[in-house]
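1. with the sequence up front, the predicted model follows.
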Amino acid sequence: MVDVAMQGSQAAQVVSSRSSSLRRTMQRKSTIAFFMALPLILLIALLVVYPAIYSMHLATLNKSMQRFVGFDNFLFLFKRETFWKVVQQSCIFAITAVIFKAIIGFIVAHFVHNIPAKGQRKWRGMLLVPWVIPPAMSCLAWLWLFDPSYSAFNWILGHFGIGPIPWTGDANWARFSVILVNIWIGAPFFMIMYLAALKSVPDQLYEAAAIDGASWWQRIWYITLPMMRNIIAITALFSLIVTFANFDIVQILTAGGPIDLTHVFATWAFRLGIQGNDIPLGASVSLFMLPILGVAAIFILRDITQRGNES
Amino acid sequence: MKTPKLTRRKFVATTAAASATMIAAPFVRTAGAAGKISIGYWDHWVPGANKATQTLTEEWAAKEKVEVQIDYIPSQGNKNLITIAAEAQAKSGHDILAFPTWEPQAHAELLEPVDDIMADLIKEHGKVNQTVEYLGKVKGAWRVVPATVGSQIKGPCSRIDLMKSLAGIDVQQMYPAGGAPKADNWTLDTFLKAAEACHKGGKPFGIGLGGTTDSIDTAGAFFHAHGAMLVDDKGNVTVKSDKVRQALEYLTKLAQFLPPDAPAWDDASNNKWLVAGNGALIMNPPSAWAVAKRDAPQIAEQCWTHGFPTGPNGRFAPFLPYLWGIWSFSKNKEASKSLLRHMSTRAAAERMVAASAGYDLPSFEKLTDFKTWAEEGPPKGTLYHYPNPHNHQILSVTANPAPPKIAHQIYVQGVQTKMVVRLLKGEKMEPVLAWAESEVEGFMRT
């Protein structure tokens, strides 16, 4: 009887210890954070992870999607002249746009940072407008500005005896136009990120540098840039990925023309997959940059983590 | 206990259905006794033209006691192509969909054969043109029924005054309202001379050389007029042929007289060109004229829609049909077939043509004499020759007679217009042909 009572008590202790350990787990900040983030994780799994895996599956099928062909679609693409042109253009588009967005964002962030706090909010708001407007809408406005026959820019330039410029009709001008619009839309994002980074640089560092007689350039080179290094790397990485995946600007302004000279991965994938009904090939084009950007992301993020640990 | 499982197919099906519903607010009619069907019609450009399909469908639903749901799916931004691709993947969605030109061939194995309907329709309304047969039949079996709504011929729409004053051509005399064409002299050479004259006169022909359908269709018709094809009906690549060279030489000459920004034109550019009064001719269905009637009536009064010039291989005009198909996974195939029969009657076609102010075209030879085309104006009779009533031109689609799956790629990639633009940019003929050959060989993959 005593044994039975002892066993009952032990069982109760086990149950009680289990429930208290569960309670402890539930009360941990990380657990709470996990559960709070769970809806978002599920949403991402549903809307990002699933389509990504599904597109990988599609990329391994033949044109009629009835047969597994492994990497044949990629091997086929590697033999196509147009594909390499798209690779080249995507790189020109993304790298040029990100460099200019970063430079413009950096300069404008400094200007805004130096505006007295009272009027700064208005400027921040106004400068964010291009980034806040849905790209599909702003691109339509740009399309009218660049219209082949009725370009508003050409109308203005005409008053000065310049032009007309074939904004979307000539390959180089068309490339310039799509990159310009991408910079216009994306630079405010860099500006706001850099502004936040600038505000976090302690004033004492600049004061110490001023006492040491550092020039404006030395302050930028030895204080501002090192202090902003992580944010610059993350912003550039993030923007590079998004710019490589850009679709709307090119699709609306040039649809990849003239003669395929402004196509980027997304527009070319759409042309092949949806318009040309070759979904596996389209999926392969859209996945081509995944390993390259993935490796780049690993290196950049590892570098950032290392610097974080060092500091 | 069996737990409900969210399969990939169910997930894609739900997503596709949700997307389709979001594209257009549905019109739902509940009568219900004989089941339910959902239809995805093409969302018409012409304001008010959707009303005809809605009313006709409602009338049929009331008679047959079928509950119907109609979605009007626009082609802007390729939303209809995305819907078709999603439903084909999910094997779920609408019962009937409006398929643009090449889509039935791409999804033929998922479409219900409609030989029974087509046999009756051909018996009643006469033969369909060869382009409809080429696009709608797979291995000898009809997979779709040609839709009146959205089908169009993209022939010349000329300015009567400018063609007369600049090129010395009376288009009304050549294509008289109510009478047979007197267009024997309307040849490729005449066309080229007229293009040159109008260019000199500051009113160039508004023909695009871009990557969208209007440009591709026009280039395709000129290729056909020369008998030039990039791939023959057996799938052999025939890019490096004399006929292709001749067609390219002709188009490059013509391109000298087109607006300098023609390589950047899209499907709206030619419409704007006409409505703004900038040019003497465009290649388009009467939508541009309809817009001019609203926004620039003095220009609309001078517009005349007529036939293509003839070449060494004949007179070809681009025809771009929409085709109604029933998915093989439709849950109510009988009702769907019954609706397609109803929508294909002469009376129904006539109402659709009237609602679209003459834009829509039935594909059957006995359905080209509706009073809308004879009476629409101003000027009265401007649309008389639009439906090709005297059958004096061959209705064709670019890249025909290549096997449809290859032709589809040639069309979508705009290979012909790209060849012309490359030549215009100064590339030599042989490298351009070599490039095109390599592109076309890439389209052969299965």
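-> Alright, I've got the coordinates.

2. how about the strands in chain B?
-> B:27-29, B:36-42, B:67-73, B:96-99, B:137-138, B:141-142, B:144-153, B:156-159, B:281-283, B:303-305, B:310-311, B:314-326, B:394-396 (DSSP state E).

3. how about JSON lines for these, with mean pLDDT, distance to B:Glu58 and mean neighbour count added?
-> Quick note: C-beta positions are derived from backbone N, CA and C, even for glycine. Below are the strands of chain B laid out as JSON lines (pLDDT from 0 to 100; distance: least, CB to CB, whole Å; neighbours: other CB atoms under 10 Å in any protein chain shown):
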{"stretch": "strand B:27-29", "mean pLDDT": "45", "distance to B:Glu58": "6", "mean neighbour count": "14"}
{"stretch": "strand B:36-42", "mean pLDDT": "96", "distance to B:Glu58": "11", "mean neighbour count": "24"}
{"stretch": "strand B:67-73", "mean pLDDT": "96", "distance to B:Glu58": "8", "mean neighbour count": "21"}
{"stretch": "strand B:96-99", "mean pLDDT": "97", "distance to B:Glu58": "15", "mean neighbour count": "28"}
{"stretch": "strand B:137-138", "mean pLDDT": "93", "distance to B:Glu58": "31", "mean neighbour count": "18"}
{"stretch": "strand B:141-142", "mean pLDDT": "96", "distance to B:Glu58": "27", "mean neighbour count": "20"}
{"stretch": "strand B:144-153", "mean pLDDT": "96", "distance to B:Glu58": "15", "mean neighbour count": "26"}
{"stretch": "strand B:156-159", "mean pLDDT": "96", "distance to B:Glu58": "34", "mean neighbour count": "26"}
{"stretch": "strand B:281-283", "mean pLDDT": "96", "distance to B:Glu58": "36", "mean neighbour count": "27"}
{"stretch": "strand B:303-305", "mean pLDDT": "96", "distance to B:Glu58": "32", "mean neighbour count": "26"}
{"stretch": "strand B:310-311", "mean pLDDT": "96", "distance to B:Glu58": "44", "mean neighbour count": "22"}
{"stretch": "strand B:314-326", "mean pLDDT": "96", "distance to B:Glu58": "17", "mean neighbour count": "25"}
{"stretch": "strand B:394-396", "mean pLDDT": "95", "distance to B:Glu58": "32", "mean neighbour count": "23"}
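
4. okay if I get those as JSON lines plus distance to B:Val440?
-> Converted to JSON lines, the strands of chain B look like this (distance: least, CB to CB, whole Å):
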{"stretch": "strand B:27-29", "distance to B:Val440": "44"}
{"stretch": "strand B:36-42", "distance to B:Val440": "30"}
{"stretch": "strand B:67-73", "distance to B:Val440": "31"}
{"stretch": "strand B:96-99", "distance to B:Val440": "24"}
{"stretch": "strand B:137-138", "distance to B:Val440": "22"}
{"stretch": "strand B:141-142", "distance to B:Val440": "27"}
{"stretch": "strand B:144-153", "distance to B:Val440": "26"}
{"stretch": "strand B:156-159", "distance to B:Val440": "29"}
{"stretch": "strand B:281-283", "distance to B:Val440": "24"}
{"stretch": "strand B:303-305", "distance to B:Val440": "33"}
{"stretch": "strand B:310-311", "distance to B:Val440": "22"}
{"stretch": "strand B:314-326", "distance to B:Val440": "20"}
{"stretch": "strand B:394-396", "distance to B:Val440": "18"}
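
5. quick one: stretch B:202-212 near chain A?
-> Yes: on the criterion CB under 8 Å from any CB of the partner chain, stretch B:202-212 is in touch with chain A at B:210-212.

6. report the distance from that stretch to the chain centre.
-> 18 Å (CA atoms, centre = their mean, to the nearest Å).

7. quick one: mean pLDDT for that stretch?
-> The pLDDT scores in stretch B:202-212 average 94.

8. may I see the buried residues of that stretch?
-> B:203-212 (16 or more other CB atoms under 10 Å in any protein chain shown).

9. now do stretch B:283-297
-> B:283-293.

10. which residues touch the closest residue to chain A within the stretch 51-200 of chain B?
-> Using CB to the nearest CB, B:Ala106 is the residue of the stretch 51-200 of chain B that sits closest to chain A, at 3.9 Å. Counting by CB atoms under 8 Å, 6 or more residues apart in numbering or on different chains, B:Ala106 touches A:277, B:405, B:408.

11. what residues does the stretch 1-150 of chain B put near chain A?
-> Residues of the stretch 1-150 of chain B lying close to chain A by CB under 8 Å from any CB are B:8, B:11, B:78, B:81-82, B:85, B:89, B:102-103, B:106-107.

12. for the residues you listed, work out which two are farthest apart.
-> Pairwise distances across the residues of the stretch 1-150 of chain B next to chain A peak at 27.8 Å for B:Phe11 and B:Trp102 (criterion: CB to CB).

13. more neighbours: the two, which one.
-> Per other CB atoms under 10 Å in any protein chain shown, whichever of B:Phe11 and B:Trp102 has more neighbours is B:Trp102, with 24 against 14.

14. contacts only, for the closest residue to that one other than its chain neighbours.
-> Distances taken as CB to CB, 6 or more residues apart in numbering or on different chains place B:His408 nearest to B:Trp102, at 4.1 Å, with adjacent residues excluded. Contacts for B:His408 (CB under 8 Å, 6+ apart) come out as A:276-277, B:102, B:105-106, B:399.

15. just the ones of the residues you listed in helices?
-> For the contacts of B:His408, the ones inside helices are B:105-106, with DSSP state H as the criterion.

16. distance to B:Ala49 and pLDDT added to the contacts of B:His408, as TSV?
-> Below are the contacts of B:His408 laid out as TSV (distance: CB to CB, whole Å; pLDDT from 0 to 100):
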residue	distance to B:Ala49	pLDDT
A:Gly276	29	90
A:Asn277	27	88
B:Trp102	23	95
B:Gln105	26	93
B:Ala106	26	91
B:Ala399	29	95
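
17. dump the contacts of B:His408 into a markdown table; add distance to B:Phe370 as well.
-> As requested, the contacts of B:His408 are exported to a markdown table (distance: CB to CB, whole Å):
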| residue | distance to B:Phe370 |
| --- | --- |
| A:Gly276 | 35 |
| A:Asn277 | 34 |
| B:Trp102 | 27 |
| B:Gln105 | 29 |
| B:Ala106 | 32 |
| B:Ala399 | 30 |
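
18. pLDDT of the helix or strand containing A:Ser20, averaged?
-> If you go by DSSP states H and E, A:Ser20 is part of helix A:2-27. Throughout helix A:2-27, pLDDT has a mean value of 62.

19. immediately after it, which helix or strand?
-> Next along the chain after helix A:2-27, taking DSSP H and E as the criterion, comes helix A:29-44.

20. number of residues surrounding B:Thr57?
-> For B:Thr57, using other CB under 10 Å, the count is 24.
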